[in-house]
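> I'd like to go over a predicted model; first the sequence, then the structure.
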Amino acid sequence: MRKRPFHGGGRSRRGRRGAALLAAATGLAVLTGCGAADMTRQASPYAAAQGAKTVTLSVQSWVGAQANTAVAGYLLEHELGYRVDTVQVDEVPAWDALSQGRVDAILEDWGHPEQEKRYVEGKKTITRAGDLGVTGHIGWFVPTYFAEAHPDVTDWKNLDKYADQLRTAESRGKGQLMDGSPSYVTNDKALVKNLGLDFEVVFAGSEAAQITQIKQFAKEGKPFLTYWYKPQWLFERVPMTEVKLPEYTEGCADVPEKVACAYPHTPLQKYLNTRFAESGGKAAAFLKKFRWTTAEQNEVALMIAEEKLSPQQAAKKWVERNEHVWRPWLG
C-alpha cells in the first residue's frame, strides 16, 4: 500500500488479484478501475442516505485495513445498532467513492495529497476524521538472521556486495528485490536505478504470494531482500531488519522517476464523506474517536491471517478482551 510521493500506500496500492481473493473469502464487493462508482452504488445503496442506520466502510485488501474495518464494524453493529456494509476498493478510487457519498469512511489512508487537495480543500466533499493512531512505513528488509550474520548489509551502500547471494532464477543474473503486486505503486525500480544497484525488482504477484515466499525463504534459512511495510503481523513470525536507504527529506520523492531516498514514516489517517461527517450522528462521532495502536491492529490482523479467523470472529474476540480500549470511542 500508498502515497503518490513515495510511490503510496501504502503499504502501496494492493493488487487486483489480492483484492479478488479477499472478496471471495469475505464476501466484499470489489471496486477497481473506472467502473468503481457503479459497482459501489450496487453494493452500498444506503451509503450517506439521509437518516439511514447503515454505515458503508471502504476496506483495502491488506490485512491491517481489514482489522480496522472489522473492529469498527463490529462495534457499530453490536454497540450502536447500525447495519454495516463494507466495500473493497483500491486506494485512489476509494477517494472518488467517498467524495460521491458511495462510501461513508476510509479508516486507513497512507497519504494521497492530490486527492486531499481536490476533495478536502477544494470541493470540501471529504472531511478529515483524525489519526488512526498507527504510523505506517515502507522500507527494504532482510531477514534478521542474515543481518546478524552480515551486519553491513543493513546499509544500502553494501547491498551490491551481497547481490550474488540474493540472486534468484527470476532476477536475471542480478540480486532480487522482491515486491508484491505489479499494481502496487512503489519507488523501488527508480531507487534501484538511481542508487546504481545491481538488483532487479521481481514481483511476487500479491501480498499473499509475497508472504508465502518470505515464509519459504525463512524456513530454508535463505537470505532475501524485500519491499515490506509496518505495521504488519508477519514481523511476529519472520523477524526482519530494515536496510537503511538515503534519508527521506521533504520533497525528495516528488518526482517518481528521480527518487533516491527512503520512504517516509506516515501517520495513517481517517476520512469521512462530509455529509456523513455532519449528519451521521453516533456513527460519525464514533469513527472520529476510533483510534488504536499498532500492537492492537496487529493483534487482530494476526488472528485473521495466521489463526484463520474471519474478520468478524477476530473483531469479536478482540472486543471481548479490550473493553477498556474501545468503550471511550462510544462517547
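Nice, thanks for sending it over.

> make it CA atoms for all contacts and neighbour counts henceforth
Fine.

> Pull the residues that contact the helix or strand harbouring residue 57.
Secondary structure from DSSP states H and E places residue 57 in strand 54-59. Residues outside strand 54-59 that contact it (C-alpha atoms under 8 Å, 6 or more residues apart in numbering): 44, 46-48, 65-66, 69, 82-89, 94, 102-107, 283.

> Repeat the analysis, applying 7 Å as the threshold.
Among residues not part of strand 54-59, those counted as contacts by C-alpha atoms under 7 Å, 6 or more residues apart in numbering are 44, 46-47, 65-66, 69, 82-89, 94, 103-106.

> got a list of what residue 169 touches?
By C-alpha under 7 Å, 6+ apart, the contact set of residue 169 is empty.

> can you list contacts of stretch 130-146?
Counting by C-alpha under 7 Å, 6+ apart, 11, 107-108, 223-231, 239-243, 263-270, 288, 290-294 sit against stretch 130-146.

> Enumerate the positions of it that are buried.
Neighbour-count burial for stretch 130-146, counted by 16 or more other C-alpha atoms under 10 Å, picks out 130-146.

> okay, it in CSV with CA atoms only?
Extracted C-alpha coordinates of stretch 130-146, given in CSV (Å, rounded to 0.1, in the frame of the first residue of the first chain):
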residue,chain,number,x,y,z
GLY,A,130,-8.2,12.4,12.6
ASP,A,131,-5.3,9.9,13.1
LEU,A,132,-5.9,6.2,13.1
GLY,A,133,-3.2,6.0,15.8
VAL,A,134,-0.9,3.8,13.6
THR,A,135,2.2,5.1,11.8
GLY,A,136,2.9,3.4,8.5
HIS,A,137,6.3,2.9,7.0
ILE,A,138,7.5,1.2,3.8
GLY,A,139,11.1,0.0,3.5
TRP,A,140,13.5,-2.6,2.3
PHE,A,141,14.1,-5.5,4.7
VAL,A,142,16.3,-8.5,5.1
PRO,A,143,15.7,-11.4,7.5
THR,A,144,17.2,-10.7,10.9
TYR,A,145,19.3,-13.9,10.8
PHE,A,146,21.0,-12.6,7.6
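
> Output the below-cut-off pLDDT ranges for the stretch 1-150 of the chain.
Across the stretch 1-150 of the chain, the ranges flagged by pLDDT under 70 are 1-52.

> For it, just list every one of the strands.
For the stretch 1-150 of the chain, the strands defined by DSSP state E, counting those that start in this stretch cover 29-31, 54-59, 83-89, 105-109, 126-143.

> So what sits opposite the residue lying closest to residue 174 once chain neighbours are set aside in the bridge?
Sequence neighbours aside, residue 199 is the residue nearest to residue 174 in space, at 5.0 Å (criterion: C-alpha to C-alpha, 6 or more residues apart in numbering). Here residue 199 sits in beta bridges with residue 175, as judged by DSSP bridges.

> For residue 199, which residues are in contact?
When contacts are counted by C-alpha under 7 Å, 6+ apart, residue 199 touches 163, 174, 175, 176, 177, 192.

> Not counting residues beside it along the chain, what's closest to the first one?
Here the nearest residue to residue 163 in space, its sequence neighbours aside, is residue 175; by C-alpha to C-alpha, 6+ apart that works out to 4.2 Å.
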